[in-house]
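K.L.:
build me a structure from this.
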Amino acid sequence: MNPWLDRFERGYAILVLLYFSGCLTNIMNGSILLPQESTPEINVIASPIVSAFQNLLFLILFGLIALRIKQFLPVLTTRKMLWVVVGIAIVSVLWSEVPEMTFRRGNLLLFSTLLALYFSMRFPLRQQLHLFAQSFGILAVSNFVFALAFPSQGINQTVHAGAWMGITLHKNGLAGLMVLSAVIFFSIVIDKRERTAASLGGLALSVLLVILSTSRTGLSVMILLMGLIYAFQLLRSKSTFALPAFLSGFLTIGAVIVIVVDNYEKILTSMGRDATLTGRTTIWEVALERWAERPWFGYGYQSFWIPDQGNSLEVLYRMSWQPAHGHNGFLDLLVELGALGFIAFAISLLIAFKRAIAWYKINPNAIGTLPLISFCYVIMYNLTESSLLFTPNGINWFLYVLMSTSILIQAFPVIQPSRTAIEAQPLINL
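P.N.:
Residues are numbered from 1 along each chain as shown. Have a look, this model is predicted:
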């Protein structure tokens, strides 16, 4: 392999991960310079600088694919259910109320999918973990420094006064990124063979930023995922029990979430918040009612939650305000892409979980943990927020496609006596 091309691809991969974080976009479109009240209205896709940068990433990707077209083509055929989801999103321009928006966002979704497929073919899981750690280390430091240097922009001064937002410009955005960062560094830290001072620093800074964001959802998800990782590590010498341990942990998490949702009024009241302000049950009720009218193919990708118009106006009538999404990624998937898109994704997810569990049984370390934790992260963050497909150039969809494809196309690691499945230098060693 050409060493210069290898370095270029690794640099490109880090740049792509920074792009999917949304931080680069906020810098390029000038969001970080605007008053905090203005930033939610920014249309990042319409920004000419962002569009030019995206086109550059497209061109580089297509060039790299052309260099490895023989290896890449077989990868495309391995993800049939994913292509059903992406295909419906793209074709839905035919019945979308906002076809131009659906077309643009559908192209971004396609690009994100192709990027994830290429990276899954190009980088082994161990190298992916390395790239994620480097990228999130950069994100943690840059968000921390930005908030300290520019508190009027990086720390909320309005509704959530005092909450850190960093370059993401929203406390939940910062929390979401740093939760993923924290669990990646945590999986490295508890693996003694991989632990370094840099990984410990990355973990500490990521946890600190989650706390400073004041996001209760972020904090709870981080604690649950870390607990799950630790449970995996306790069972690493008893891989026979990895599957039931995982299922037990997952079902426990699901039970906790169900209890919280079922009793959310009492819980929110105890936190000093007015439960009627969240309005999630009303949002979900309206979304399901409208989905029942067009159950199979939905309303079209990114065409349901249109401000001041569209099929979600019923929410505005009932609540006097209209949300930007349904506060549940899976519900939005169902409403926008219909039952066919939802079922295709569910089948894909089940296959991915089965393979991830098999991976962990053979490779019970930081590398084997990464796919399982990634899937749990995506699921948990989309129970009360909508980040799966709502942002086609966001980290959730890219992470899911990357991890689920990697464990399908990459060979199982082979464990040799008294050695780990994959041995090499520590992941993070600055």
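
K.L.:
might you list the low-confidence residue ranges for the protein?
P.N.:
Residues of the chain that meet the criterion pLDDT under 70 lie in 1, 34-46, 233-252, 254-280, 308-310, 312-322, 412-430.

K.L.:
residue 134 versus residue 363, what's the distance?
P.N.:
Between residue 363 and residue 134 the distance is 21 Å, computed by C-beta to C-beta, to the nearest Å. Using the backbone N, CA and C atoms, a C-beta is placed for each residue, glycine as well.

K.L.:
who's more crowded, those two?
P.N.:
The residue with the greater number of neighbours, taking residue 363 and residue 134 and applying other C-beta atoms under 10 Å, is residue 363; the counts read 24 against 19.

K.L.:
ramachandran coordinates for the more buried one?
P.N.:
For residue 363, the backbone dihedrals (degrees, to the nearest 10) come out as phi -130, psi 70.

K.L.:
surely residue 136 touches residue 186?
P.N.:
No. Under the contact definition of C-beta atoms under 8 Å, residue 136 does not touch residue 186, with a separation of 11.6 Å.

K.L.:
shared neighbours, those two?
P.N.:
Common contact partners of residue 136 and residue 186 (C-beta atoms under 8 Å, 6 or more residues apart in numbering): none.

K.L.:
quick one, what contacts the nearest residue to residue 177 once chain neighbours are set aside?
P.N.:
With C-beta to C-beta, 6 or more residues apart in numbering as the criterion, residue 177 has its nearest non-adjacent residue at 5.6 Å, and that residue is residue 21. Residues touching residue 21, when contacts are defined by C-beta under 8 Å, 6+ apart, comprise 135, 139, 168, 177, 395.

K.L.:
swap in residue 208?
P.N.:
Counting by C-beta under 8 Å, 6+ apart, residue 208 touches residue 144.

K.L.:
same question for residue 200.
P.N.:
Residues near residue 200 by C-beta under 8 Å, 6+ apart: 185, 189.

K.L.:
what are the buried residues along the helix or strand residue 58 falls within?
P.N.:
Mapping residue 58 onto the secondary structure by DSSP states H and E places it in helix 48-67. Judged by neighbour count using 16 or more other C-beta atoms under 10 Å, the buried positions of helix 48-67 are 50, 53-54, 57, 60-61, 64-65.

K.L.:
output the very next helix or strand once past that helix as PDB, nothing but the C-alphas.
P.N.:
Downstream of helix 48-67, the next assigned helix or strand under DSSP H and E is helix 69-76. Listed next in PDB are the C-alpha coordinates belonging to helix 69-76 (Å, rounded to 0.1, in the frame of the first residue of the first chain):
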ATOM      1  CA  ILE A  69     -13.700  -0.200  -7.000                       C
ATOM      2  CA  LYS A  70     -13.200  -4.000  -7.100                       C
ATOM      3  CA  GLN A  71     -13.100  -4.300  -3.400                       C
ATOM      4  CA  PHE A  72     -15.900  -1.800  -2.900                       C
ATOM      5  CA  LEU A  73     -18.500  -3.200  -5.100                       C
ATOM      6  CA  PRO A  74     -19.100  -6.400  -3.100                       C
ATOM      7  CA  VAL A  75     -19.600  -4.300   0.000                       C
ATOM      8  CA  LEU A  76     -22.500  -2.600  -1.600                       C
END
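
K.L.:
compute the inter-axis angle for the helix or strand just after helix 69-76 and helix 69-76.
P.N.:
Beyond helix 69-76 on the C-terminal side, the first helix or strand identified by DSSP H and E is helix 80-91. Angular relation of helix 80-91 and helix 69-76 on a 0 to 180 degree scale: 90 degrees, by axes from the mean of the first three to the mean of the last three C-alpha atoms, to 10 degrees.

K.L.:
follow-up on the earlier one: now distance to residue 195, secondary structure and neighbour count too, for the contacts of residue 21, in a markdown table please.
P.N.:
Conversion of the contacts of residue 21 to a markdown table gives the following (distance: C-beta to C-beta, whole Å; DSSP: H, G, I helix; E, B strand; the rest coil; neighbours: other C-beta atoms under 10 Å):
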| residue | distance to residue 195 | secondary structure | neighbour count |
| --- | --- | --- | --- |
| 135 | 19 | helix | 22 |
| 139 | 21 | helix | 28 |
| 168 | 28 | helix | 26 |
| 177 | 22 | helix | 27 |
| 395 | 25 | helix | 25 |
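
K.L.:
for the residues you listed, which two are the farthest from each other?
P.N.:
135 and 168 (14.4 Å; C-beta to C-beta).

K.L.:
hmm, back to that, ok, the buried residues of helix 48-67 vs residue 403, which is closest?
P.N.:
Residue 403 has its nearest neighbour among the buried residues of helix 48-67 in residue 61, at 18.7 Å by C-beta to C-beta.

K.L.:
so who does that closest one touch?
P.N.:
Neighbour list for residue 61: 111, 114-115, 118 [criterion: C-beta under 8 Å, 6+ apart].

K.L.:
can we see that at 10 Å?
P.N.:
When contacts are counted by C-beta atoms under 10 Å, 6 or more residues apart in numbering, residue 61 is found next to 12, 16, 111, 114-115, 118-119.

K.L.:
so which of those belong to helices?
P.N.:
Using DSSP state H, the members of the contacts of residue 61 that fall in helices are 12, 16, 111, 114-115, 118-119.

K.L.:
I'd like those residues laid out as CSV, including neighbour count and distance to residue 306.
P.N.:
Conversion of the ones in helices among the contacts of residue 61 to CSV gives the following (neighbours: other C-beta atoms under 10 Å; distance: C-beta to C-beta, whole Å):
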residue, neighbour count, distance to residue 306
12, 17, 35
16, 23, 29
111, 19, 23
114, 19, 27
115, 25, 27
118, 23, 32
119, 24, 33
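
K.L.:
and the residues you listed, which is closest to residue 288?
P.N.:
residue 111 (30.7 Å).

K.L.:
what residues are up against that closest one?
P.N.:
Contact criterion C-beta under 10 Å, 6+ apart gives 54-55, 57-58, 61-62, 392-393, 398 as the residues in contact with residue 111.

K.L.:
distance of it from residue 70?
P.N.:
Residue 111 is 22 Å from residue 70, by C-beta to C-beta.

K.L.:
same question for residue 388.
P.N.:
Following C-beta to C-beta, the distance that separates residue 388 from residue 70 is 32 Å.

K.L.:
what of residue 108?
P.N.:
27 Å.

K.L.:
so where do the helices sit in the stretch 201-350 of the chain?
P.N.:
Using DSSP state H, counting those that start in this stretch, the helices of the stretch 201-350 of the chain run over residues 216-234, 242-262, 264-270, 280-291, 313-319, 329-362.

K.L.:
residues touching residue 371, list them.
P.N.:
For residue 371, the contact set (C-beta under 10 Å, 6+ apart) comprises 125, 128, 352-353, 355-357, 359-360, 363, 399-400, 402-404, 406-407.
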